[in-house]
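*Asks:* following is a predicted model, sequence given first.
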Amino acid sequence: MLELNAIRAEPERLIEGLKKRNFQEEELSIVNQIIALDDQRKSTQTDLDQTLAERNRLSKEIGDLFKQNKREEAESMRAQVGELKEQASEMEDQLKNIQSELTELLYTVPNIPHPSVPSGNTDDDNEVFKAWSGELPELGDDAKPHWELAKDYGIFDLELGVKITGAGFPVYRGKGAKLQRALISFFLDEATEAGYDEVIPPLLVNENTARATGQLPDKEGQMYYVNEDNLYLIPTAEVPVTNIYRDVILEEDDFPIKLTGYTPCFRREAGSYGAHVRGLNRVHQFDKVEIVRIEHPDRSYDSLMEMLGHVERILEKLELPYRILRLCGGDLGFTSALTFDFEVYSAAQKRWLEVSSVSNFETYQANRLKLRYRSENGNRLAHTLNGSALALARIVAALIENNQTPEGIVIPEKLRSYTGFSVLS
RNA sequence: GGAGGAAUGGCAGAGCUGGUUUAAUGCACCGGUCUUGAAAACCGGCGUACCGAAAGGUACCGGGGGUUCGAAUCCCUCUUCCUCCGCCA
């Protein structure tokens, strides 16, 4: 969530940001509501502190009187303190109410978009930041979409997944499973070479963790929930990995912190069915290698560009046509200030598939995480960033469609040492 | 799953028969003196959040609640860790 002090310092900046996210005029009053409520918080806090200070002072006196055996004087002061106590507990309740109301309001405020974020409502309004400069592969009319190829070559089986679990849980088999494992290793090695430390995090997280990175309360319905233990299945490694740094105060020379992690990701994707989600285009469980960075605020946007370069290199090694989009205000994630999406061209489906999303959250997550660093001007919030590098399922979809030949699916050069075969047949 | 013990500031570790503790002491860390330099020694500093221009105040001793004029200290509850037993890769 946004910092109160930042909202107070530049309310116009927040209002401009909300407009870019297509907030209606009447919804903008939330900014003034927050500031007014915070004023209330401050004055209540001050009153309470003064009352408690008085109570502490009197209590100390009573203690002294008891020691001097002046019982009667002590007794009369007791009554006084009793009154203060009542006042204090009233103020405490009031403060609690104000605070929870304030937090609730703050939870409804999204991050302020970066100045470069274009305005717009839908993904049609996203800006093409980097277009594909080469030619798009033409496969001809007998080209098969990946779900048909999967059947021909036994790469994955969605019907089998239905039997075991339900729709959207693919079972990868044989060389398909091997390809999956090869891609994971390849992505992890790329990240490690680029200086990211590998972690294997838990796949289930508690409420505090999900709240700190912003999945709760915003995306509650997106996560699978284990009721008996009050745990959530992770929708991305971002959640457990970023939370490694919850409640941490860093030194300035700890930056940059670079982490990578492979995890399966679980997403309910409730209500999304139809032709455009066929095959691996949208599934409930998929594998992903994530990169996470924690940065000094002055350097976070340089970091973001570096992460873009990292993803580009991987896609180039995989020989996949890709383009980069800068998300518009309407498409931008709730917690993000600036997001670039990577799309690869899936030549049989003749459409672009999103395979990576690279974002700078600035201090939005750090505020909930209480992730700070010591600076000369006191402790300040760090910036958090993350990106997929990469999400597997759709990469596999594009890879097998684009590389289909009558002899089988040709594995890109750079991947062959990982798969152990050059043609999937 | 059963029984017992524990949880204190970056770490170690007192306090736990309630009132000079707004948490001793040591180590680590930062600044200074000394030194050609370093070490040692000595001096000083050294948690987080909120309110306040500042002085200062308030809260926090695993989380929540309670008793009391007053709680790190007493009571209840939850969580986590350790030891033993059981079960099981």
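*Replies:* Received, thanks.
*Asks:* what average pLDDT does stretch A:8-17 get?
*Replies:* Stretch A:8-17 shows a mean pLDDT of 94.
*Asks:* and stretch A:157-177, by the same measure?
*Replies:* Mean predicted confidence for stretch A:157-177 is 94.
*Asks:* ditto for stretch A:309-321
*Replies:* On average, stretch A:309-321 scores 97.
*Asks:* which secondary structure element of chain A has the lowest mean pLDDT?
*Replies:* When the helices and strands of chain A are scored by mean pLDDT, DSSP states H and E, helix A:71-107 comes last with a mean of 85.
*Asks:* any buried residues in that one, and which?
*Replies:* A:Ala74, A:Met77, A:Val81, A:Leu84, A:Ala88, A:Met91, A:Leu95, A:Ile98, A:Leu102, A:Leu105, A:Leu106, A:Tyr107 (16 or more other CB atoms under 10 Å). Just so you know, the C-beta spots here come from the backbone N, C-alpha and C atoms, and that holds for glycine as well.
*Asks:* any idea how far the residue in chain A positioned nearest to RNA strand B lies from A:Lys70?
*Replies:* Closest contact between chain A and RNA strand B, by CB to the nearest atom of the strand, is at A:Gly63 (2.9 Å). Counting by CB to CB, to the nearest Å, the gap between A:Gly63 and A:Lys70 amounts to 11 Å.
*Asks:* more neighbours: which of these two?
*Replies:* Shown here are A:Gly63 and A:Lys70; by other CB atoms under 10 Å, A:Lys70 has more neighbours (13 against 10).
*Asks:* what parts of the stretch 151-300 of chain A come near RNA strand B?
*Replies:* A:Ile249 (CB under 7 Å from any atom of the strand).
*Asks:* show me where the stretch 151-300 of chain A has helices.
*Replies:* A:158-164, A:174-193, A:207-212, A:238-242, A:300-317 (DSSP state H, counting those that start in this stretch).
*Asks:* go on, the stretch 1-150 of chain A?
*Replies:* Taking DSSP H, counting those that start in this stretch as the test, the helices found in the stretch 1-150 of chain A are A:4-9, A:11-20, A:30-67, A:71-107, A:146-153.
*Asks:* now the ones you listed as CSV including distance to A:Phe169?
*Replies:* Shown next, in CSV, are the helices of the stretch 1-150 of chain A (distance: least, CB to CB, whole Å):
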stretch, distance to A:Phe169
helix A:4-9, 42
helix A:11-20, 38
helix A:30-67, 40
helix A:71-107, 32
helix A:146-153, 14
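*Asks:* please name whichever of the ones you listed is nearest to A:Ser336.
*Replies:* helix A:11-20 (11.8 Å; CB to CB).
*Asks:* on that earlier part again, quick one: the least confident helix or strand of chain A to helix A:30-67, angle?
*Replies:* 160 degrees (axes from the mean of the first three to the mean of the last three CA atoms, to 10 degrees).
*Asks:* close to RNA strand B, is helix A:71-107?
*Replies:* Yes. Part of helix A:71-107 sits near RNA strand B under the criterion CB under 7 Å from any atom of the strand, namely A:Arg78, A:Val81, A:Gly82, A:Lys85.
*Asks:* which one is the last one nearest to, not counting chain neighbours?
*Replies:* Read it as A:Lys85. Excluding the flanking residues, the one nearest A:Lys85 by CB to CB, 6 or more residues apart in numbering is A:Arg55, at 6.6 Å.
*Asks:* check contacts around the one you found.
*Replies:* Neighbour list for A:Arg55: A:Val81, A:Leu84, A:Lys85, A:Ala88 [criterion: CB atoms under 8 Å, 6 or more residues apart in numbering].
*Asks:* ok, now A:Ala88?
*Replies:* With CB under 8 Å, 6+ apart, A:Ala88 has these contacts: A:Leu48, A:Thr51, A:Leu52, A:Arg55.
*Asks:* ok, so of those residues, who is nearest A:Ala393?
*Replies:* Distances from A:Ala393 to those, taken by CB to CB, are shortest for A:Leu48, at 53.4 Å.
*Asks:* what's the nearest residue to the closest one if we skip its chain neighbours?
*Replies:* A:Met91 (4.3 Å).
*Asks:* hang on, isn't that neighbour packed against A:Thr46?
*Replies:* No. A:Met91 is beyond contact range of A:Thr46, at 10.0 Å (criterion: CB atoms under 8 Å).
*Asks:* that older thread, dump the helices of the stretch 151-300 of chain A into a markdown table; add distance to A:Gln222 as well.
*Replies:* Compiled in a markdown table, the helices of the stretch 151-300 of chain A are given as follows (distance: least, CB to CB, whole Å):
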| stretch | distance to A:Gln222 |
| --- | --- |
| helix A:158-164 | 20 |
| helix A:174-193 | 23 |
| helix A:207-212 | 10 |
| helix A:238-242 | 11 |
| helix A:300-317 | 23 |
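*Asks:* and A:Arg268, which of these is closest to it?
*Replies:* The nearest among those, by CB to CB, is helix A:207-212 at 13.7 Å.
*Asks:* helices or strands up against the closest one?
*Replies:* With contacts taken as 3 or more CB pairs under 8 Å, 6 or more residues apart in numbering; DSSP states H and E, helix A:207-212 sits against helix A:238-242, helix A:364-369.
*Asks:* with just CA atoms, put that helix into CSV.
*Replies:* Extracted C-alpha coordinates of helix A:207-212, given in CSV (Å, rounded to 0.1, in the frame of the first residue of the first chain):
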residue,chain,number,x,y,z
GLU,A,207,-2.1,-14.9,5.3
ASN,A,208,0.5,-12.4,6.3
THR,A,209,2.7,-13.4,3.5
ALA,A,210,-0.1,-13.2,0.9
ARG,A,211,-1.0,-9.8,2.3
ALA,A,212,2.5,-8.4,2.2
